[in-house]
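S.K.: Turn this into a model:
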Amino acid sequence: MSVTPPPAPVPGLPVLAGLCTIAQATAPGLSVDATVARLKRLHGVARAAHGALVSRLTAEPQYELKMLYSHHAWLLAELVAAIRARVGEMREPPLGLEDPLDPALQLALDEVTHAPDGTHLCAGLYTVLLPALDEACGALHADAHPLADAPTRHLLRHARLDLADILMHGRQAADALAAVSSPDATWLGEVRQALAAAGGVDGTAGEAVAAPSPRFSATPRRFDPVPRRDARFPDPYNMAVNAEAFIYDTSFPPEPKLLMLAYKRLREIDVPEMMASIIVETPGKPWGYVRDMTRQLWDEARHAMMGEVLFAALGVDWPALVRVNFTWSLGLNTQIGALDRHAVLYFIEQGLMPRHGKRYEWEIAQAAGSPLAATFQDYDWADEVLHARIGKQWYVAAMPSQQEALRAGDRAWSRVLMDWGAWKRDGLTNHDNWWPALYADACRRLGWPHDPRVAAFDTSYAEQRADLKSVSHSG
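M.R.: Coordinates of the predicted model:
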């Protein structure tokens, strides 16, 4: 019996799975202890940056910053989760991820977290703190052994892709704010000094520098639960137009319902405003909870931007014609506790799952002949499936049963007072019906037939008091 000799090695194939050359792999690299120590410091910075963004989202008036903070908070939450997972792969519990950081590093984080306004927050975060984090990720990637520690290098390479995106748009935001009101350059120098005193984000810098005294962090900034909006939201208490009542009226044609779908999506700006309060006011939760809740917060921000884009596609100047209220987030944030807010969120989400919920909105978009609206509603629907799962994992699991979870949400929602009458008496709004002007504008520009019955739609929340709970907000 003849034996076939093995084939000769093929020249030019990647060695070591393409990770590095043999020569590069002969250097010893960092120990596990050294790598874990640096990862823990990266973890602490990313976690603090996430917290700073979430804690400012509600009270930040600039719409674009609310959206930017939502996105960057999610990316940072994912980075924190990845680092925690990697440390857990290399060390047995307790992992020490909650241990105090170097005091000087903590000072730098506290100064940015307690910055007095968006201008200083963005300057400190996007021009000092996160660039230093990115630099530390790059240094650890360079120092980690390319073969023995390939998983850490993989984590860092992908982290830097997200950080590059964060820094590009964060610096744009910081520059735009600085053009209106310059941040305190001396304070920014003090944040850099605190980082230097800590040996940099990763603790490897050699030159010793004295830490500065606390400035903004000397008086810690408290979370502000009251949502704020910029001048494009001039009438945030206005509850004159009940979008749900219009959308679910089967006698109305589908085309004008596109306007209400765009309004409903843009109105979801209040969900991140509310969810930020839940995350901030429920400390000590597992990071999986924080990550999932931040993902949902970011999804809801994306939904608001979908509404913005749909209005743009329809040619609607929404700041001039639409009045987007904040009454839902205001009521929940100021009248009930964080757990009850989560209960209300879950209660509402469950109402979106049956056929008359998200599927119905998708069908409206299709019937109206808008591929863009259909795409948005398709993914809005998909996101709500994920959100229902998040609610079951992190809210329902802590309740005696799903039925009790729903009853608790129902009870909590019933306690939230939407005092539309008092708002009008106090001069906060006249509840002006903005629908006729919006509809007339769309008919004129888009060539829709002007239906007097549609134009006359005037079903306000005030007139729907008996059904307020079921129709006042469906994400």
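
S.K.: so how far is Val3 from Trp318?
M.R.: The gap separating Trp318 from Val3 is 78 Å, by C-beta to C-beta, to the nearest Å. Backbone N, C-alpha and C define where each C-beta goes, glycine included.

S.K.: same question, Glu92
M.R.: Separation of Glu92 from Val3 (C-beta to C-beta): 48 Å.

S.K.: what does Ala150 give?
M.R.: 37 Å.

S.K.: Pick out whichever of these two has more residues nearby.
M.R.: Ala150 (15 against 5; other C-beta atoms under 10 Å).

S.K.: wait, the more buried one sits on Leu19?
M.R.: Yes. Under the criterion of C-beta atoms under 8 Å, Ala150 makes contact with Leu19 at 5.5 Å.

S.K.: got any ranges where the protein has weak pLDDT?
M.R.: Low-confidence segments of the chain, defined by pLDDT under 70: 352-356, 460-475.

S.K.: Let's verify the residue positioned nearest the centre of it: helix, strand, or coil?
M.R.: Centroid-nearest residue in the chain: Ser70, 2.6 Å away (criterion: C-alpha atoms, centre = their mean). Secondary structure, DSSP: H, G, I helix; E, B strand; the rest coil: Ser70 is helix.

S.K.: Excluding chain neighbours, what is closest to it?
M.R.: Excluding its sequence neighbours, the residue lying closest to Ser70 (C-beta to C-beta, 6 or more residues apart in numbering) is Ala301, at 3.6 Å.

S.K.: Tell me the helix or strand right after the helix or strand that contains that neighbour.
M.R.: Assigned by DSSP states H and E, Ala301 belongs to helix 287-313. Per DSSP H and E, the first helix or strand lying C-terminal to helix 287-313 is helix 318-321.

S.K.: and that following helix, which residues are buried?
M.R.: Buried residues in helix 318-321, counting neighbours by 16 or more other C-beta atoms under 10 Å, are found at Trp318, Leu321.

S.K.: Report the next helix or strand after that helix in sequence order.
M.R.: Taking DSSP H and E, what comes next after helix 318-321 is helix 327-335.

S.K.: That following helix: what's the following helix or strand?
M.R.: Sequence-wise, the next helix or strand downstream of helix 327-335 (DSSP H and E) is helix 338-350.

S.K.: tell me the angle that next one makes with helix 327-335.
M.R.: For helix 338-350 against helix 327-335, the angle by axes from the mean of the first three to the mean of the last three C-alpha atoms, to 10 degrees is 150 degrees.

S.K.: In three-state terms, label Pro100 for me.
M.R.: Taking three-state DSSP, the label given to Pro100 is coil.

S.K.: from here on, count from 17
M.R.: Taking 17 as the first residue, the last one we looked at is Pro116.

S.K.: Give me the number of neighbouring residues for the residue lying closest to it once chain neighbours are set aside.
M.R.: Setting aside the residues directly before and after it, Pro116 is nearest to Gln122 in space (C-beta to C-beta, 6+ apart), at 7.0 Å. Residues lying near Gln122 (other C-beta under 10 Å) number 17.
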